[in-house]
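In: Quick one, structure for this:
(2 chains)
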Amino acid sequence: MTRETWINVAALAVLLGVPLWALMADEPFIITLATRAAIFALAGVGLNLALGTGGLVSLGHAAFFGIGGYAMGILASHAQAYTPIMEVPFLIEGTKSMPVIWLVAMVTSALAALAIGALSLRTSGVYFIMITLAFGQMIYYFAISWPAYGGEDGLSIYVRNEFPGLNTLVPMQFFGLCFAILCLALLLMNAIHKSAFGLALSAARQNETRVLSVGMKPYHLRLVAFVISGAVTGLAGALFADLNRFVSPTMLSWQMSGEIIIFIIIGGVGRLFGPVIGAIIFILLEHTLGGLSEFWHVYLGALLLGIVLFAKGGVIGALAGREKAHD
Amino acid sequence: MTTLLFIEQMLNGLQFGVMLFLMSAGLTLVFGVMGLINLAHGSLYMIGAFAAAAVAAATGSFVLALMASLAAAALAGALIELTIIRRLYDRDHLDQVLATFALILIFSEGTRWLFGSFPLFLDVPPLLAGPVTLPGGIEYPAYRLSIIVIGLLVAVGMFGLINRTRVGIRIRAGEADREMIAALGVDIAKLYTFVFALGAALAGFAGALVGAIQSVQVGMGEPVLILAFVVIVIGGIGSIKGAFVGALLVGFTDTMGRVLLPQVFGLFLEPSAAVSVGSALASMLIYILMAGVLVFRPRGLYGVA
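Out: Numbering: from 1, shown residues only, chains lettered A, B, ... in the order given. Predicted coordinates for the structure are as follows:
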């Protein structure tokens, strides 16, 4: 086992161990914090495929996070009000079932990623950054000005949605669900990394001309990666909305996009477990510094600046060395 | 809708566009010359507004307030260029985005710590407080009209600076080939600091001018920053002319969309539905415009490939 593998195992052990300890010590709040970390990690894992492997700096991933959240909010609010979402041309009812909500969240955010990606990927570099940011903002303003689902005030759900065989209102059971999904997503990303598609995507980041010259289309590779990435982040959004039983345009805001990138940067760009470690550290910082000072974002900014200027590989890069680092 | 109202809205669109130009000019210059994407440009806008509000509250003079906004934003710009930004020129765009995002966090929370979370107010100077009557009998606020005039003057000044002066020649040379002009003996580090401070001053000035119409608060810069991104994506990154055309396009599209779309939908929808559909679509209109430009010209209207 390499040093990085040890770090990865340790990260998972911490993420699973802390809530187990909290369960013994009867500290439900700690379990909720761990759930937040697991969900943020999942959002980061999604973005990391585009950002780390594909080299696509998307500053609009909050769009997919929020669309996933709104998929949950809209389906569940119709289910709790017993009103159908639409009747013509065919009947669509709301639902409280998590698997259905997750599927809808992933499909809608994947479709949004397909539309945004198809346009944004015509450009590259700094244009791509600004355009993803602008499209994210477009959806944000749409959510604010569309009054049907709460507009600026957002949408509340009274009871957490249901998963067959579990009581999701018990913090530990909901954490277990989120943790299991995070592990599945990590397995999926690991498989993608090793697949022919993952290697080609990585190659397109390193040298576009060579990829073109062997007959592959970087545009298609990147679009597929962007869509998968959006779908995984959308799933995280649905879970996040379910955790808070609340969804609002804040989930779509560009600060959210920035935070998802921060999870990846703190942990290490392009590393499989980068977002997991980054999200754990972010939650720790938010909890400890947020308790010390109202203005904890100043320290977060200083830390981020320090990492960008002096410690490029993030925490994993610092601990595990550069042997498998991204270039 | 009457012709008078229409012309008034056109003027509002022009005023908005001119403001966006002040914001975009610095952003596009900094990208064109140094190849840097600066998210903290919105923070410089905010710094200008806060400096103006603080000085206006202390002295009561609007002119001093405007000068303070220029000075404070230019100073803040030069300071971050010398300490942080210049380490980023050789880095990739991801690092630039992150470092300048970190600067936003620091500036926003720092301002909140200094001035508190409540918005400040900057009053329109008494001389410009009332309306003026334009030819054709249109009543228009004098302050908004002077923003248009000042903004257009600054635009002319910028074109003159870039196209007619020695510094402008160096800036354009820096855009074309930075190694070459360094080799010709131009102190490139000083030039970069100057360009960055100039862009910052324009952003701070825009912040102060708009601050008198809206409230001065933390987080006021970021929505404008994102609009400025839309502007320079439409105009083509690095082009001052593109920034000007893009800013006016975005200003008109946004203002007219908000006025006209609810009325257009009112023709075939019931009033309440027309307002909600119209205003929701109006808030997306400039992004749709941007997407449309991108389909036909991925490098923007005046961008070079």
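In: What about the closest residue to residue A:269 other than its chain neighbours, how many residues nearby?
Out: Using CB to CB, 6 or more residues apart in numbering or on different chains and skipping residues adjacent in sequence, the residue nearest residue A:269 is residue A:52, 4.9 Å away. No exception for glycine: its C-beta is placed from N, CA and C like everyone else's. By other CB atoms under 10 Å in any protein chain shown, 26 other residues sit near residue A:52.
In: OK, contacts around residue A:52?
Out: Neighbour list for residue A:52: A:264, A:269, A:270, A:271, A:274, A:326 [criterion: CB atoms under 8 Å, 6 or more residues apart in numbering or on different chains].
In: now, which of these sits nearest residue B:226?
Out: Comparing the contacts of residue A:52 against residue B:226 with CB to CB places residue A:264 closest, at 21.5 Å.
In: Backbone dihedrals for residue A:136, please?
Out: Residue A:136 has phi and psi values of phi -60, psi -40 when expressed as degrees, to the nearest 10.
In: secondary structure class for the residue nearest to it when sequence neighbours are not counted?
Out: Closest residue to residue A:136 apart from its sequence neighbours, by CB to CB, 6+ apart: residue A:60 at 3.1 Å. State at residue A:60, reduced to three classes by DSSP: H, G, I helix; E, B strand; the rest coil: coil.
In: all strands of chain B, in order?
Out: With strands called from DSSP state E, chain B shows them at B:131-134, B:138-141.
In: I misspoke; the intended subject was the stretch 151-300 of chain A.
Out: Secondary structure of the stretch 151-300 of chain A (DSSP state E, counting those that start in this stretch): strands at A:155-156, A:246-247.
In: which other helices and strands contact the first one?
Out: Helices and strands in packing contact with strand A:155-156 are listed as helix A:62-81, strand A:246-247; criterion 3 or more CB pairs under 8 Å, 6 or more residues apart in numbering or on different chains; DSSP states H and E.
In: residues in contact with that strand?
Out: A:70, A:73, A:74, A:77, A:149, A:245, A:246, A:247, A:248.
In: Tell me which two of those sit farthest apart.
Out: A:149 and A:245 (14.8 Å).
In: The residue of the stretch 1-150 of chain B found nearest chain A: what's its closest spatial neighbour, skipping adjacent residues?
Out: Per CB to the nearest CB, residue B:105 is where the stretch 1-150 of chain B lies closest to chain A, at 3.3 Å. Nearest residue to residue B:105 in three dimensions, chain neighbours excluded: residue A:301, at 3.3 Å (CB to CB, 6+ apart).
In: Could you single out the nearest of the contacts of strand A:155-156 to chain B?
Out: residue A:149 (11.4 Å).
In: Pretty sure the closest one sits against residue A:70.
Out: Yes - assessed by CB atoms under 8 Å, residue A:149 is found in contact with residue A:70 at 6.8 Å.
In: Same drill for these two, tell me which one is more crowded.
Out: Counted by other CB under 10 Å, residue A:149 and residue A:70 do not tie: residue A:70 has more neighbours, with 30 against 16.
In: Could you check how far that one is from residue A:257?
Out: 16 Å (CB to CB, to the nearest Å).
In: Highest mean neighbour count out of the strands of chain B?
Out: The highest mean neighbour count among the strands of chain B, using mean count of other CB atoms under 10 Å in any protein chain shown, belongs to strand B:138-141: a mean of 16.
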